[in-house]
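In: fold the following for me, if possible:
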Amino acid sequence: MAAQSDLTVSEDEVLVERRDGVQIITLNRPRAKNAVNANVAKAVAAAVDELDADDELRAGVLTGAGGAFSAGMDLKAFLNGERPSVPGRGFCGITQAPPRKPMIAAVEGWALAGGFEVMLACDLVVAGRSARFGVPEVKRSLVAAAGGALELANRVPRALALEMLLTGDPIDAARAEAAGLVNRVVDDGTALDVACELAARIAGNGPLGVAASKRIVLESPGWGEDRWARHDEIVAPVMSSEDAREGATAFAEKRDPVWRGR
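Out: The predicted model follows:
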């Protein structure tokens, strides 16, 4: 059952729905190219809380309405005093505190500036062929401070990260895929459907194994000589779980497993 959040959710500017264990979060400000304001940040944070708290949800998809992912911060709202972030959660309520469960970005059109950094907070990316990705902050003597400068070199080769950050010029979907930033490039208009299919494949797997696998990938770069001990601390409870026994039993009985998350 989902935990209650104290964050105010805007039903109009962020849409949240479910499809067979997958949560879909849609930034719904198409006239503003899905630029992020304070309401959007709070709503996304609340949706992420629901994703992590609800055992019936196994994976998430984040997308934008109207043929664009997000153009970043809503500058008009910013000039009016709004801050499009949540304390402890970062820009759009997600860049500093991504969900524990897998999140897939479904990108059509532009993922620009803060919108690009929101995409970086996701684990996988499905992009339409005409999608474009960029961090143009230096063109205004700014820094990609919501994770672009900090995380981009962890996702693409250092030379490409520096090129994007120092020139501010965007790259297309084909180059992003070649660099490993994008998992799949698909026909325009199909990114959400393909992302949902990918999320459904994840959702069909054992939730304990999925969570442990993501945790190891994200945390292990900072581990030292004790990395195997820390690895085993995460893995051991999964290997001895009811779900692990169910997975083996279902395989032997040639049936679909029934996961209980324990």
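
In: pull the helix or strand bottoming out on mean pLDDT in the chain out as CSV, backbone CA atoms only.
Out: The least trusted helix or strand in the chain, going by mean pLDDT, DSSP states H and E, turns out to be helix 75-79, with a mean of 76. Taking C-alpha atoms only, helix 75-79 is exported to CSV below (Å, rounded to 0.1, in the frame of the first residue of the first chain):
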residue,chain,number,x,y,z
LEU,A,75,12.5,30.7,-16.1
LYS,A,76,9.4,32.8,-15.7
ALA,A,77,8.5,31.0,-12.5
PHE,A,78,12.1,31.3,-11.3
LEU,A,79,12.0,35.1,-11.9
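
In: run through who's touching that helix.
Out: For helix 75-79, the external contacting residues (Cβ atoms under 8 Å, 6 or more residues apart in numbering) are Ala35, Asn37, Ala38, Pro84. (Glycine included, C-beta is placed from N, CA and C.)

In: which residues touch the third one?
Out: If a contact means Cβ under 8 Å, 6+ apart, then Ala38 has Ala77, Glu82, Arg83, Pro84 as its contacts.

In: now the strands for this protein?
Out: 14-19, 22-27, 59-64, 85-86, 90-91, 103-107, 110-112, 124-128, 132-134, 171-172, 184-186 (DSSP state E).

In: nearest to Gly134, of the contacts of helix 75-79?
Out: If you rank the contacts of helix 75-79 by distance to Gly134 using Cβ to Cβ, Ala35 comes first, at 14.7 Å.

In: I figured the closest one hits Ala71, correct?
Out: Yes. Using Cβ atoms under 8 Å, Ala35 is in contact with Ala71, at 5.0 Å.

In: settle it for me: which of these two has more neighbours?
Out: Ala35 (25 against 22; other Cβ atoms under 10 Å).

In: could I get the strands of the chain as JSON lines with mean neighbour count and distance to Lys254?
Out: Below are the strands of the chain laid out as JSON lines (neighbours: other Cβ atoms under 10 Å; distance: least, Cβ to Cβ, whole Å):
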{"stretch": "strand 14-19", "mean neighbour count": "16", "distance to Lys254": "27"}
{"stretch": "strand 22-27", "mean neighbour count": "24", "distance to Lys254": "26"}
{"stretch": "strand 59-64", "mean neighbour count": "28", "distance to Lys254": "25"}
{"stretch": "strand 85-86", "mean neighbour count": "22", "distance to Lys254": "47"}
{"stretch": "strand 90-91", "mean neighbour count": "24", "distance to Lys254": "45"}
{"stretch": "strand 103-107", "mean neighbour count": "28", "distance to Lys254": "30"}
{"stretch": "strand 110-112", "mean neighbour count": "26", "distance to Lys254": "43"}
{"stretch": "strand 124-128", "mean neighbour count": "26", "distance to Lys254": "30"}
{"stretch": "strand 132-134", "mean neighbour count": "23", "distance to Lys254": "43"}
{"stretch": "strand 171-172", "mean neighbour count": "18", "distance to Lys254": "45"}
{"stretch": "strand 184-186", "mean neighbour count": "19", "distance to Lys254": "30"}
